[in-house]
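from the sequence below, what's the structure:
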Amino acid sequence: KESYDVRDVIGDVVDAGSLLELRAHHAPNLVTALARLGGRSVGVLANQPSQRAGTLDIDASRKGARFVQWCDAFNVPLLTFVDTPGFEPGTDLEWRGMIRHGAQLVHAYAAATVPRLCVVLRKGYGGAYIVMDSKALGNDWYGAWPGAEIAVMGASGAVQILHGKRLAGIPDEATRHAEHAELVREYGDRFATPVPAAERGYVD
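Here you go, the predicted model:
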């Protein structure tokens, strides 16, 4: 439930001392790096929760797309770590073409012919989950931490959409909060886990 530096996770997974981050100061909410995994060179992409909560914006989408295409051009396999609550919201981003730039990242992953591995660390929500090398884009192996959340949106937001009118009709505030908390817990237990995704073949 707290922010962390995803580079610590990457450093624990790849070969010791092999991590070389590229373009660290540009779109820092997405980490792009070269490393070795079992002695083999890999390109690493990862959402950075310590920067903008790991959301994807235009710059991060373009940075990721260019890196994926570059790795594909030089036959470097890709390793992706996902921890994103979604695309960064805002009318400014929408006017500047967030969807178009997000589509560049989708296309880069879908067109890549190199081996691709992906792991969901914590959150994989909505459209940002899809563009970060989801199983539907044709990767070779897709895993998830046991406590990962893979869903359309977070439990609290989903409950507001699904049960907002019913909750608003409860006059007592304490009862309303208790009911909201229970619905959030139920939604989280049922949907915000890797299990439903694995049952449908989206997690290996």
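
so where's this protein uncertain?
Across the chain, the ranges flagged by pLDDT under 70 are 86-90, 93-98.

ok, 80 please
Regions of the chain meeting the criterion pLDDT under 80 cover residues 1, 52-54, 86-102, 126-129, 151-157, 188-189, 191-192.

all strands for it, in order.
Secondary structure of the chain (DSSP state E): strands at 20-22, 30-37, 40-47, 78-84, 116-125, 141-144, 149-151.

pull up the gap between D92 and D57, please.
In this view, D92 and D57 are 10 Å apart by Cβ to Cβ, to the nearest Å. Placement of C-beta: from N, CA and C, glycine included.

neighbour count: the two, which is higher?
D57 (22 against 11; other Cβ atoms under 10 Å).

need the contact list for the residue nearest to F67 when sequence neighbours are not counted.
Leaving aside its sequence neighbours, F67 sits nearest to T32 (Cβ to Cβ, 6 or more residues apart in numbering; 4.3 Å). Counting by Cβ atoms under 8 Å, 6 or more residues apart in numbering, T32 makes contact with E21, L22, R23, G43, V44, L45, K63, G64, F67.

neighbours around G164, how many?
Neighbour tally, G164, other Cβ under 10 Å: 11.

ok, now R166?
R166: 11 neighbours (other Cβ under 10 Å).
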